[in-house]
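Visitor: take this sequence and fold it.
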Amino acid sequence: MIALASVYLNESYKRCNPAFGFSSAFNPRRQLTKPATATANDGHDNENSDLIISVNDVLAADDGRQGLTLVHGRAQLEQLQDTLMS
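Guide: Residues are numbered from 1 along each chain as shown. Below you'll find the model as predicted:
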């Protein structure tokens, strides 16, 4: 029963309140960059001049090429950095 409730959580809420709608915009935004305090580059960089990246951020080029969405955590960010540096 609990497994079904969690898998169909959105539908369960809609049964109780038909006006309910899920939006990922309200998900918590956990920072992957440490320290995460913005100090430079219009609030985009930390004190080490590292780009502050959060879970679910989309990294994309300005020229319209496909981007990458970070969804897991710090290990994924470090793998991305290793790939880009090699």
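Visitor: how about residue 38: what's its closest non-neighbour residue?
Guide: Spatially, and ignoring its direct neighbours in sequence, residue 38 is nearest to residue 52 (6.0 Å; CB to CB, 6 or more residues apart in numbering). The way it works is simple: take the backbone N, C-alpha and C, and place the C-beta from them, glycine included.
Visitor: correction: residue 47
Guide: Closest residue in space to residue 47, ignoring its immediate chain neighbours: residue 39 at 4.8 Å, by CB to CB, 6+ apart.
Visitor: I'd guessed the one you found sits against residue 45; true?
Guide: Yes - in this structure, residue 39 is within contact of residue 45 by CB atoms under 8 Å, at 6.9 Å.
Visitor: between these two, who's got more neighbours?
Guide: More neighbours surround residue 45 than the other of residue 39 and residue 45, with 15 against 12 (other CB atoms under 10 Å).
Visitor: which residues does that one contact?
Guide: Residues near residue 45 by CB atoms under 8 Å, 6 or more residues apart in numbering: 38, 39, 51, 52.
Visitor: repeat that for residue 34.
Guide: Residue 34 neighbours (CB under 8 Å, 6+ apart): residue 46.
Visitor: give me the three-state assignment for it.
Guide: coil (DSSP: H, G, I helix; E, B strand; the rest coil).
Visitor: got phi/psi on it?
Guide: Note on residue 34: its backbone torsions stand at phi -120, psi 130 [degrees, to the nearest 10].
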